[in-house]
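Colleague: everything below, folded, please.
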Amino acid sequence: MGKMNVMVIFGGKSGEHEVSLMSATSILRAMNKDKYNIITVGITKEGVWKLYEGPIDEIQSGAWEKTADEGAQNAGLNTQMSLLPTEKGNGMITFGNGRIEKVDVVFPVLHGPFGEDGTIQGLFEMINIPYVGTGVLASSVAMDKAISKKLLQVDSIPQAKYDVVMFKEYKKDKMEVISRIEEKFKYPIFVKPANMGSSVGITKANTREKLKEAIELAGKYDRKIVIEETIIGKEIECSVLGNDDPIASLPAEIIPSAEFYDYNDKYFAGTSKFAIPANLPESILNEVRDMAIKVYKLLDCSGLSRVDFFVESNTNRVLLNEVNTMPGFTKISMYPKMWEATGIKYEDLIDRLIELAIERFNERGN
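Modeller: So this is what the prediction gives:
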(Lines give C-alpha, C1' and ligand atoms only; values in the text may rest on other atoms or scores of the structure.)
Protein backbone atom coordinates (compact mmCIF):
# COMPACT_ATOMS: atom_id res chain seq x y z
CA MET A 1 0.00 0.00 0.00
CA GLY A 2 1.10 3.55 -0.75
CA LYS A 3 1.09 6.45 1.64
CA MET A 4 -2.20 7.69 3.03
CA ASN A 5 -3.16 11.28 2.20
CA VAL A 6 -4.09 13.07 5.42
CA MET A 7 -5.38 16.62 5.48
CA VAL A 8 -4.53 18.39 8.74
CA ILE A 9 -6.64 21.50 9.38
CA PHE A 10 -5.63 24.05 12.01
CA GLY A 11 -6.42 27.54 13.27
CA GLY A 12 -10.09 28.52 13.12
CA LYS A 13 -12.33 31.38 14.17
CA SER A 14 -12.65 30.52 17.87
CA GLY A 15 -10.95 31.99 20.92
CA GLU A 16 -8.83 28.84 20.98
CA HIS A 17 -7.11 29.65 17.67
CA GLU A 18 -3.64 29.80 19.25
CA VAL A 19 -4.19 26.50 21.07
CA SER A 20 -5.01 24.89 17.72
CA LEU A 21 -1.76 26.20 16.23
CA MET A 22 0.19 24.63 19.10
CA SER A 23 -1.65 21.30 18.84
CA ALA A 24 -1.26 21.11 15.06
CA THR A 25 2.46 21.94 15.21
CA SER A 26 3.01 19.09 17.66
CA ILE A 27 0.93 16.60 15.64
CA LEU A 28 2.59 17.50 12.33
CA ARG A 29 6.06 17.06 13.81
CA ALA A 30 5.12 13.64 15.17
CA MET A 31 3.25 12.22 12.16
CA ASN A 32 5.13 9.44 10.37
CA LYS A 33 6.15 10.92 7.01
CA ASP A 34 6.82 7.40 5.69
CA LYS A 35 3.15 6.53 6.23
CA TYR A 36 1.41 9.80 5.40
CA ASN A 37 1.40 12.43 2.69
CA ILE A 38 0.28 15.47 4.68
CA ILE A 39 -1.80 18.30 3.24
CA THR A 40 -1.93 21.25 5.63
CA VAL A 41 -4.77 23.75 5.57
CA GLY A 42 -4.97 26.75 7.89
CA ILE A 43 -8.06 28.75 8.79
CA THR A 44 -7.49 32.37 9.83
CA LYS A 45 -9.31 34.05 12.71
CA GLU A 46 -11.50 35.68 10.08
CA GLY A 47 -12.48 32.25 8.71
CA VAL A 48 -10.39 32.33 5.52
CA TRP A 49 -9.09 28.91 4.41
CA LYS A 50 -5.55 28.78 3.05
CA LEU A 51 -3.56 25.88 1.66
CA TYR A 52 -0.24 25.97 3.55
CA GLU A 53 2.95 24.37 2.24
CA GLY A 54 5.56 26.15 4.37
CA PRO A 55 7.65 25.12 7.40
CA ILE A 56 5.86 23.50 10.33
CA ASP A 57 7.62 25.85 12.75
CA GLU A 58 5.79 28.86 11.30
CA ILE A 59 2.38 27.49 12.27
CA GLN A 60 2.67 27.99 16.03
CA SER A 61 4.07 31.52 15.68
CA GLY A 62 1.27 32.57 13.32
CA ALA A 63 3.75 33.39 10.54
CA TRP A 64 2.12 30.68 8.39
CA GLU A 65 -0.49 33.13 7.06
CA LYS A 66 2.06 35.44 5.45
CA THR A 67 4.02 32.47 4.08
CA ALA A 68 0.85 30.94 2.60
CA ASP A 69 -0.05 34.25 0.92
CA GLU A 70 3.44 34.71 -0.51
CA GLY A 71 3.56 31.13 -1.82
CA ALA A 72 0.20 31.50 -3.55
CA GLN A 73 1.10 34.87 -5.06
CA ASN A 74 4.42 33.55 -6.38
CA ALA A 75 2.51 30.72 -8.07
CA GLY A 76 -0.02 33.17 -9.50
CA LEU A 77 -2.88 31.74 -7.40
CA ASN A 78 -5.56 33.27 -5.23
CA THR A 79 -4.52 33.13 -1.55
CA GLN A 80 -7.95 31.86 -0.49
CA MET A 81 -9.23 28.34 -1.04
CA SER A 82 -12.34 26.25 -0.52
CA LEU A 83 -13.13 22.55 -0.45
CA LEU A 84 -15.37 21.11 -3.15
CA PRO A 85 -16.13 17.38 -3.50
CA THR A 86 -15.72 16.03 -7.03
CA GLU A 87 -17.48 12.66 -7.14
CA LYS A 88 -19.36 11.14 -4.22
CA GLY A 89 -17.28 8.89 -2.04
CA ASN A 90 -14.05 8.79 -4.05
CA GLY A 91 -12.17 11.12 -1.70
CA MET A 92 -11.19 13.53 -4.46
CA ILE A 93 -11.27 17.14 -3.32
CA THR A 94 -11.10 20.15 -5.61
CA PHE A 95 -9.53 23.11 -3.84
CA GLY A 96 -10.81 26.59 -4.65
CA ASN A 97 -7.48 27.35 -6.31
CA GLY A 98 -8.09 24.60 -8.87
CA ARG A 99 -5.83 21.98 -7.35
CA ILE A 100 -7.29 18.47 -7.04
CA GLU A 101 -6.12 16.06 -4.34
CA LYS A 102 -7.24 12.66 -3.09
CA VAL A 103 -7.84 12.93 0.65
CA ASP A 104 -8.11 9.67 2.58
CA VAL A 105 -8.87 11.22 5.96
CA VAL A 106 -9.10 14.68 7.54
CA PHE A 107 -7.58 15.47 10.94
CA PRO A 108 -9.32 18.66 12.13
CA VAL A 109 -7.00 19.94 14.86
CA LEU A 110 -9.51 22.64 15.81
CA HIS A 111 -10.65 23.58 19.29
CA GLY A 112 -13.79 25.42 20.35
CA PRO A 113 -16.59 26.90 18.21
CA PHE A 114 -16.46 26.32 14.43
CA GLY A 115 -14.14 23.36 14.93
CA GLU A 116 -15.17 21.25 17.91
CA ASP A 117 -18.89 21.99 17.89
CA GLY A 118 -20.13 19.87 14.99
CA THR A 119 -20.05 22.60 12.33
CA ILE A 120 -16.95 21.48 10.45
CA GLN A 121 -17.83 17.84 11.14
CA GLY A 122 -21.07 18.45 9.21
CA LEU A 123 -19.01 19.73 6.28
CA PHE A 124 -16.96 16.53 6.23
CA GLU A 125 -20.15 14.47 6.36
CA MET A 126 -21.48 16.35 3.33
CA ILE A 127 -18.21 15.90 1.46
CA ASN A 128 -18.41 12.22 2.50
CA ILE A 129 -14.87 11.87 3.77
CA PRO A 130 -13.48 10.22 6.95
CA TYR A 131 -12.40 12.57 9.73
CA VAL A 132 -10.72 12.17 13.10
CA GLY A 133 -12.87 12.72 16.16
CA THR A 134 -16.44 12.75 17.30
CA GLY A 135 -19.41 13.16 14.94
CA VAL A 136 -21.80 16.06 14.45
CA LEU A 137 -24.31 15.37 17.22
CA ALA A 138 -21.88 14.48 20.01
CA SER A 139 -19.55 17.34 19.06
CA SER A 140 -22.31 19.94 19.25
CA VAL A 141 -23.83 18.56 22.46
CA ALA A 142 -20.50 18.24 24.29
CA MET A 143 -19.45 21.73 23.20
CA ASP A 144 -22.54 23.29 24.76
CA LYS A 145 -22.07 22.88 28.52
CA ALA A 146 -25.65 23.92 29.23
CA ILE A 147 -27.12 21.26 26.93
CA SER A 148 -24.69 18.47 27.86
CA LYS A 149 -25.24 19.03 31.59
CA LYS A 150 -29.00 18.88 31.16
CA LEU A 151 -28.79 15.78 28.97
CA LEU A 152 -26.45 13.90 31.32
CA GLN A 153 -28.57 14.92 34.30
CA VAL A 154 -31.40 12.84 32.79
CA ASP A 155 -29.08 9.82 32.95
CA SER A 156 -28.26 10.55 36.60
CA ILE A 157 -24.61 11.46 35.98
CA PRO A 158 -23.54 13.27 39.17
CA GLN A 159 -22.51 16.90 38.57
CA ALA A 160 -21.97 20.13 40.48
CA LYS A 161 -25.03 22.32 40.99
CA TYR A 162 -25.42 24.68 38.01
CA ASP A 163 -27.65 27.25 36.37
CA VAL A 164 -27.79 28.86 32.93
CA VAL A 165 -28.04 32.61 32.33
CA MET A 166 -28.73 34.23 28.96
CA PHE A 167 -26.45 37.25 28.51
CA LYS A 168 -29.31 39.18 26.89
CA GLU A 169 -31.41 38.55 29.99
CA TYR A 170 -28.55 39.75 32.21
CA LYS A 171 -28.12 42.98 30.27
CA LYS A 172 -31.85 43.66 30.55
CA ASP A 173 -31.92 43.46 34.37
CA LYS A 174 -28.47 42.89 35.89
CA MET A 175 -29.47 43.07 39.54
CA GLU A 176 -32.37 40.65 39.13
CA VAL A 177 -30.04 38.05 37.59
CA ILE A 178 -27.30 38.67 40.18
CA SER A 179 -29.82 38.31 43.04
CA ARG A 180 -31.14 35.07 41.57
CA ILE A 181 -27.62 33.64 41.33
CA GLU A 182 -26.78 34.69 44.90
CA GLU A 183 -29.94 33.03 46.19
CA LYS A 184 -28.94 29.72 44.59
CA PHE A 185 -25.16 29.73 45.08
CA LYS A 186 -22.62 30.65 47.74
CA TYR A 187 -19.41 32.41 46.82
CA PRO A 188 -17.02 31.57 45.26
CA ILE A 189 -18.92 30.85 42.02
CA PHE A 190 -17.58 29.65 38.66
CA VAL A 191 -18.81 31.52 35.57
CA LYS A 192 -18.24 29.99 32.12
CA PRO A 193 -19.25 30.63 28.52
CA ALA A 194 -21.45 27.68 27.53
CA ASN A 195 -19.58 27.05 24.26
CA MET A 196 -15.87 27.40 24.85
CA GLY A 197 -12.95 25.24 25.95
CA SER A 198 -9.37 25.54 27.22
CA SER A 199 -10.70 27.58 30.17
CA VAL A 200 -11.24 30.57 27.88
CA GLY A 201 -13.57 33.13 29.46
CA ILE A 202 -13.85 31.27 32.79
CA THR A 203 -13.74 33.17 36.09
CA LYS A 204 -13.93 32.17 39.72
CA ALA A 205 -15.94 34.98 41.32
CA ASN A 206 -15.58 35.63 45.06
CA THR A 207 -17.74 38.76 45.37
CA ARG A 208 -20.74 40.41 43.74
CA GLU A 209 -18.48 42.80 41.81
CA LYS A 210 -16.34 39.92 40.56
CA LEU A 211 -19.50 38.05 39.58
CA LYS A 212 -20.61 41.00 37.43
CA GLU A 213 -17.17 41.17 35.79
CA ALA A 214 -17.21 37.39 35.22
CA ILE A 215 -20.60 37.49 33.49
CA GLU A 216 -19.47 40.41 31.30
CA LEU A 217 -16.34 38.46 30.31
CA ALA A 218 -18.22 35.23 29.57
CA GLY A 219 -20.75 37.26 27.57
CA LYS A 220 -18.00 38.30 25.16
CA TYR A 221 -17.66 34.66 24.12
CA ASP A 222 -21.23 33.35 24.23
CA ARG A 223 -24.86 34.43 24.53
CA LYS A 224 -25.35 31.59 27.03
CA ILE A 225 -23.47 31.48 30.35
CA VAL A 226 -23.14 28.59 32.81
CA ILE A 227 -23.00 29.30 36.55
CA GLU A 228 -21.57 26.55 38.77
CA GLU A 229 -21.01 25.96 42.43
CA THR A 230 -17.41 25.57 43.54
CA ILE A 231 -16.48 22.01 44.47
CA ILE A 232 -13.75 21.65 47.09
CA GLY A 233 -11.65 18.74 45.94
CA LYS A 234 -9.33 17.41 43.28
CA GLU A 235 -9.47 18.23 39.56
CA ILE A 236 -9.29 14.91 37.71
CA GLU A 237 -9.07 14.23 33.97
CA CYS A 238 -9.42 11.00 32.01
CA SER A 239 -8.66 10.31 28.34
CA VAL A 240 -11.00 8.10 26.33
CA LEU A 241 -10.12 6.47 23.01
CA GLY A 242 -12.23 4.40 20.62
CA ASN A 243 -15.53 4.13 18.82
CA ASP A 244 -18.20 1.70 20.05
CA ASP A 245 -15.83 -0.08 22.48
CA PRO A 246 -13.80 2.77 24.00
CA ILE A 247 -11.04 2.45 26.55
CA ALA A 248 -10.07 4.87 29.31
CA SER A 249 -6.59 5.94 30.35
CA LEU A 250 -5.16 6.21 33.82
CA PRO A 251 -6.76 9.36 35.26
CA ALA A 252 -4.61 12.42 35.99
CA GLU A 253 -4.81 14.80 38.90
CA ILE A 254 -4.26 18.47 38.10
CA ILE A 255 -2.57 20.46 40.86
CA PRO A 256 -3.16 24.07 39.76
CA SER A 257 -0.75 26.85 40.70
CA ALA A 258 -3.53 29.45 40.59
CA GLU A 259 -7.10 29.32 41.92
CA PHE A 260 -7.96 26.93 39.10
CA TYR A 261 -6.34 25.38 36.02
CA ASP A 262 -6.73 28.37 33.69
CA TYR A 263 -5.88 29.08 30.03
CA ASN A 264 -2.53 30.73 30.77
CA ASP A 265 -1.33 27.85 32.90
CA LYS A 266 -2.52 25.18 30.45
CA TYR A 267 -0.65 26.58 27.46
CA PHE A 268 1.90 29.20 28.51
CA ALA A 269 3.02 29.42 32.16
CA GLY A 270 3.13 25.68 32.75
CA THR A 271 3.45 26.15 36.51
CA SER A 272 0.73 23.70 37.50
CA LYS A 273 1.71 20.17 38.38
CA PHE A 274 -0.01 16.87 37.71
CA ALA A 275 0.08 13.28 38.87
CA ILE A 276 -0.63 10.23 36.69
CA PRO A 277 -2.27 8.20 38.05
CA ALA A 278 -4.15 10.62 40.29
CA ASN A 279 -3.47 10.32 43.99
CA LEU A 280 -6.71 8.52 44.76
CA PRO A 281 -7.73 5.07 46.05
CA GLU A 282 -7.85 2.45 43.31
CA SER A 283 -11.61 2.12 43.72
CA ILE A 284 -12.06 5.84 42.94
CA LEU A 285 -9.68 5.65 39.97
CA ASN A 286 -11.77 2.79 38.59
CA GLU A 287 -14.96 4.76 39.20
CA VAL A 288 -13.54 7.70 37.24
CA ARG A 289 -12.56 5.47 34.32
CA ASP A 290 -15.93 3.72 34.29
CA MET A 291 -17.83 7.01 34.41
CA ALA A 292 -15.65 8.50 31.66
CA ILE A 293 -16.57 5.60 29.35
CA LYS A 294 -20.24 5.78 30.36
CA VAL A 295 -20.43 9.54 29.58
CA TYR A 296 -18.52 9.02 26.32
CA LYS A 297 -21.00 6.39 25.18
CA LEU A 298 -24.06 8.32 26.39
CA LEU A 299 -23.06 11.27 24.21
CA ASP A 300 -22.16 8.88 21.36
CA CYS A 301 -18.58 10.17 21.14
CA SER A 302 -16.07 8.53 18.82
CA GLY A 303 -12.35 8.73 18.21
CA LEU A 304 -11.29 10.66 21.28
CA SER A 305 -12.45 12.83 24.17
CA ARG A 306 -11.08 14.02 27.47
CA VAL A 307 -13.60 13.74 30.28
CA ASP A 308 -13.00 16.01 33.27
CA PHE A 309 -14.17 15.44 36.84
CA PHE A 310 -14.03 16.70 40.39
CA VAL A 311 -13.48 14.34 43.29
CA GLU A 312 -14.93 16.07 46.31
CA SER A 313 -12.86 16.24 49.47
CA ASN A 314 -14.16 14.39 52.54
CA THR A 315 -16.86 12.51 50.57
CA ASN A 316 -14.80 11.25 47.56
CA ARG A 317 -17.88 11.87 45.40
CA VAL A 318 -16.97 11.75 41.69
CA LEU A 319 -18.66 14.62 39.84
CA LEU A 320 -18.56 15.20 36.09
CA ASN A 321 -17.17 18.59 35.05
CA GLU A 322 -17.20 18.53 31.22
CA VAL A 323 -16.35 16.63 28.05
CA ASN A 324 -13.81 17.90 25.49
CA THR A 325 -14.17 16.17 22.12
CA MET A 326 -10.98 17.64 20.62
CA PRO A 327 -8.76 18.31 23.63
CA GLY A 328 -5.41 20.07 23.47
CA PHE A 329 -2.93 17.84 21.67
CA THR A 330 0.53 19.25 22.28
CA LYS A 331 3.19 16.93 23.68
CA ILE A 332 2.55 18.48 27.12
CA SER A 333 -1.26 18.34 26.86
CA MET A 334 -2.99 16.07 29.32
CA TYR A 335 -4.84 13.91 26.76
CA PRO A 336 -1.68 12.40 25.20
CA LYS A 337 0.20 12.51 28.52
CA MET A 338 -2.39 10.26 30.15
CA TRP A 339 -2.17 7.78 27.26
CA GLU A 340 1.60 7.84 27.40
CA ALA A 341 1.42 6.91 31.10
CA THR A 342 -1.10 4.18 30.22
CA GLY A 343 1.14 2.70 27.53
CA ILE A 344 0.32 4.40 24.20
CA LYS A 345 3.03 6.63 22.73
CA TYR A 346 2.16 10.00 21.15
CA GLU A 347 3.01 8.88 17.61
CA ASP A 348 1.02 5.64 18.00
CA LEU A 349 -1.94 7.61 19.36
CA ILE A 350 -2.06 9.68 16.16
CA ASP A 351 -2.01 6.49 14.06
CA ARG A 352 -4.80 4.99 16.15
CA LEU A 353 -7.01 8.07 15.76
CA ILE A 354 -6.63 7.96 11.98
CA GLU A 355 -7.51 4.23 12.00
CA LEU A 356 -10.59 4.91 14.14
CA ALA A 357 -11.75 7.63 11.75
CA ILE A 358 -11.62 5.26 8.78
CA GLU A 359 -13.20 2.44 10.81
CA ARG A 360 -16.19 4.60 11.74
CA PHE A 361 -16.55 5.88 8.17
CA ASN A 362 -16.64 2.32 6.81
CA GLU A 363 -19.13 1.19 9.46
CA ARG A 364 -21.54 3.88 8.32
CA GLY A 365 -21.68 2.19 4.93
CA ASN A 366 -20.12 4.98 2.90
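Colleague: let's check: the centremost residue of the protein is which one?
Modeller: Nearest residue to the geometric centre of the chain (Cα atoms, centre = their mean): Met326, 3.1 Å.
Colleague: quick one: contacts for it?
Modeller: Neighbouring residues of Met326 by Cβ atoms under 8 Å, 6 or more residues apart in numbering: 108-111, 115-116, 133-134, 304. Every C-beta, even on glycine, is put in place using the N, C-alpha and C of the backbone.
Colleague: switch the cut-off to 6 Å
Modeller: Taking Cβ atoms under 6 Å, 6 or more residues apart in numbering as the criterion, Met326 is in contact with 111, 116, 133.
Colleague: now it, what are its backbone angles?
Modeller: Dihedral pair for Met326: phi -140, psi 80, per degrees, to the nearest 10.
Colleague: how close does it sit to Ser26?
Modeller: Computed as Cβ to Cβ, to the nearest Å, the Met326 to Ser26 distance reads 14 Å.
Colleague: and Val307, what element?
Modeller: If you go by DSSP states H and E, Val307 is part of strand 303-312.
Colleague: between the contacts of Met326, which sits nearest Val19?
Modeller: The closest of these to Val19 turns out to be His111 (Cβ to Cβ; 5.1 Å).
Colleague: quick check: the closest one touching Glu16?
Modeller: Yes: contact criterion Cβ atoms under 6 Å: His111 and Glu16 qualify, at 3.9 Å.
Colleague: tell me where the stretch 1-150 of the chain has strands.
Modeller: Secondary structure of the stretch 1-150 of the chain by DSSP state E, counting those that start in this stretch: the strands cover 4-11, 36-43, 49-52, 83-85, 92-95, 100-102, 105-109.
Colleague: give the contact list for the closest residue to Asp57 other than its chain neighbours.
Modeller: Nearest residue to Asp57 in three dimensions, chain neighbours excluded: Thr25, at 7.4 Å (Cβ to Cβ, 6 or more residues apart in numbering). By Cβ under 6 Å, 6+ apart, the residues touching Thr25 are 56, 59-60.
Colleague: how far does the strand holding Val307 sit from its chain's centre?
Modeller: How far strand 303-312 lies from its chain's middle: 12 Å, per Cα atoms, centre = their mean, to the nearest Å.
Colleague: what helices or strands is it leaning on?
Modeller: Judged by 3 or more Cβ pairs under 6 Å, 6 or more residues apart in numbering; DSSP states H and E, the packing partners of strand 303-312 are strand 233-242, helix 282-298, strand 318-324.
Colleague: any chance of those in JSON lines, plus mean neighbour count?
Modeller: Output for these, formatted as JSON lines (neighbours: other Cβ atoms under 10 Å):
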{"stretch": "strand 233-242", "mean neighbour count": "23"}
{"stretch": "helix 282-298", "mean neighbour count": "18"}
{"stretch": "strand 318-324", "mean neighbour count": "22"}
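Colleague: to Ala214, which of those lies closest?
Modeller: Closest approach to Ala214 among the helices and strands packed on strand 303-312 is made by strand 318-324 (17.3 Å; Cβ to Cβ).
Colleague: rewinding a little: neighbour-wise, which one of the contacts of Thr25 leads?
Modeller: Ile59 (28 neighbours; other Cβ atoms under 10 Å).
Colleague: that one reaches Ser23, doesn't it?
Modeller: No: with contact defined as Cβ under 6 Å, Ile59 does not reach Ser23; the gap is 9.9 Å.
Colleague: the nearest residue to Lys50 once chain neighbours are set aside - how many residues pack around it?
Modeller: Closest residue in space to Lys50, ignoring its immediate chain neighbours: Ala68 at 4.3 Å, by Cβ to Cβ, 6+ apart. Ala68: 25 surrounding residues under other Cβ under 10 Å.
Colleague: domain parsing for the protein?
Modeller: 4-131, 142-158+231-363, 162-229 (automatic domain parsing).
Colleague: what's the average pLDDT for the longest one?
Modeller: It refers to domain 142-158+231-363. Average pLDDT, domain 142-158+231-363: 91.
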